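K.L.:
Have a look at this prediction, sequence included:
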Amino acid sequence: MSKILITCAVTGSIHTPSMSPHLPVTADQITEHAVGAAEAGASILHLHARDPETGQPSADPAHFMGFLPRIKQATGAVLNISTGGSAVMTLDQRLAAPKLAEPEMCSLNMGSMNFALYPAAARIEDWKHDWEQPFLENSDDLVFKNTPRDIAGILQTMGKERGARFEFECYDLSHLYMLRHFVDRGMVEPPFFIQFVFGVLGGMGPDPENLTHMKTIADKLFGKDYMFSVLAAGRHQIPLTSMAAAMGGHVRVGLEDSLMIARGQLARTNAEQVVKIRRIVEDMGREVASPEDARRMLGLKG
Ligand code: KMH
Ligand code: ZN
């Protein structure tokens, strides 16, 4: 099996500071968490910005620039900037910072969808519950818009014009077919790094059968031209990423995806989650990729 890529998604745009005092929101906090995650073994850092005053997700390039150069200077990790931003941002807002920063890598969400969290993903007291009620009240009428034209625009602006490679976020089987469509149009070249996303309300649920089926179809559509990684929301994070590692895939952890380190216990740092998944995958016999390995495996511009 290949070396394993550990991505750490440091803060995201879903969780709020009221859910965990450990969620990094200032430039100092995001830098400290990102550097800690890289030192613990994350070769890729998936980054969003926050407004330090409110903790709200921010698309302001100035907020990104508060931490991007510092993380770059302190680590060799691959910096992967989100183009998903938050579902309430416009596409222009979402692209402002990636266009300016010209990262080696950025995310690309492969379809429009409803977007909410199951309560168990976010609240400690619900950790033991199953996932039945939508969590974010204001997400009841929210569409995370990623039309084919939006996707084509990001492939052009970030890929063709700026040389970025992508973390293709696939929340559903249909998103794999959307990626294949853009491959057929000649808009993106292999190798493809596909992130299978589990446990967002609006995407596929965190069932192991969904992972095996996603891999079966991705094998059919992309053959040897792709690598898959898994992220899963909340308490499904470690079970599903461990399963991915056992299947030869890659893993993503971080406070964007789960605030927890164990049942009923908040993670204090992103690094804690990296250390945990690293221990699991190394116990399975997987070797953790360095940032240089990641650049080679993903064909990054460096
Ligand atoms: N928040 C995750 C479910 C993005 O930033 O483009 C997916 C994500 C999207 O990371
Ligand atoms: Zn993200």
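P.N.:
Thanks, I have it. Ligands and ions are numbered 1, 2, ... in the order given.
K.L.:
Please list all residues in contact with the one residue in the stretch 51-200 of the chain that gets nearest to ligand 1.
P.N.:
Residue nearest to ligand 1 within the stretch 51-200 of the chain (Cβ to the nearest ligand atom): Gly84, separated by 2.3 Å. C-beta here means a position set from N, CA and C on the backbone, and glycine is covered the same way. For Gly84, the contacting residues are Ser13, Arg94, Ser107, Asn109, Phe144, Asn146, Glu169, by Cβ atoms under 8 Å, 6 or more residues apart in numbering.
K.L.:
Next up, the contacts around the first one.
P.N.:
What that stands for is Ser13. His48, Pro57, Ser82, Gly84, Gly85, Ser86, Ala87, Glu256.
K.L.:
likewise the second one?
P.N.:
Listed by Cβ under 8 Å, 6+ apart, the contact partners of Arg94 are Ala59, Ser82, Thr83, Gly84, Gly85.
K.L.:
Might one say that Ala271 is in contact with Leu45?
P.N.:
No: counting by Cβ atoms under 8 Å, Ala271 stays clear of Leu45, with 11.5 Å between them.
K.L.:
Those two: which is more packed in?
P.N.:
More neighbours sit around Leu45 than around the other of Ala271 and Leu45, counting by other Cβ atoms under 10 Å; the figures are 30 against 24.
K.L.:
So the more buried one is in contact with Val10, correct?
P.N.:
Yes: using Cβ under 8 Å, Leu45 makes contact with Val10 at a distance of 6.3 Å.
K.L.:
got any residues that touch both of the two?
P.N.:
Shared contacts of Leu45 and Val10, defined by Cβ under 8 Å, 6+ apart, are found at Ala34, Ala37.
K.L.:
Note down every partner strand of the helix or strand hosting Thr7 and its orientation.
P.N.:
In the assignment (DSSP states H and E), Thr7 maps to strand 6-9. Sheet pairing here is set by DSSP bridges, and for strand 6-9 it gives strand 44-47 (parallel), strand 250-253 (parallel).
K.L.:
For that strand, give me every contacting residue.
P.N.:
Contacts with strand 6-9, where a contact means Cβ under 8 Å, 6+ apart, come from 34, 37-38, 41-47, 80, 167, 195, 229, 231, 250-257, 270, 273-274, 277-278, 281, 288-289.
K.L.:
one more time with 6 Å
P.N.:
Contacts to strand 6-9, defined as Cβ atoms under 6 Å, 6 or more residues apart in numbering, come from residues 37, 41-42, 44-46, 251-254, 256-257, 270, 274.
K.L.:
Buried ones among these?
P.N.:
Burial by neighbour count, 16 or more other Cβ atoms under 10 Å: within the contacts of strand 6-9 this picks out 37, 41-42, 44-46, 251-254, 256-257, 270, 274.
K.L.:
In a markdown table: those, plus distance to ligand 1 and pLDDT.
P.N.:
Below are those laid out as a markdown table (distance: Cβ to the nearest ligand atom, whole Å; pLDDT from 0 to 100):
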| residue | distance to ligand 1 | pLDDT |
| --- | --- | --- |
| Ala37 | 15 | 99 |
| Gly41 | 20 | 98 |
| Ala42 | 14 | 99 |
| Ile44 | 12 | 99 |
| Leu45 | 12 | 99 |
| His46 | 6 | 98 |
| Val251 | 14 | 99 |
| Arg252 | 8 | 98 |
| Val253 | 12 | 98 |
| Gly254 | 9 | 98 |
| Glu256 | 6 | 96 |
| Asp257 | 7 | 94 |
| Asn270 | 14 | 98 |
| Val274 | 16 | 98 |
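K.L.:
For those, please prepare CSV with the additional fields distance to Lys220.
P.N.:
Written out in CSV, the entries for the buried ones among the contacts of strand 6-9 read as follows (distance: Cβ to Cβ, whole Å):
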residue, distance to Lys220
Ala37, 34
Gly41, 32
Ala42, 30
Ile44, 26
Leu45, 31
His46, 27
Val251, 23
Arg252, 23
Val253, 28
Gly254, 30
Glu256, 30
Asp257, 27
Asn270, 35
Val274, 32
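K.L.:
following the worst-scoring helix or strand of the chain on mean pLDDT, which helix or strand comes up?
P.N.:
Lowest mean confidence among the helices and strands of the chain (mean pLDDT, DSSP states H and E): strand 116-117, at a mean of 76. As assigned by DSSP H and E, the chain's next helix or strand after strand 116-117 is strand 143-144.
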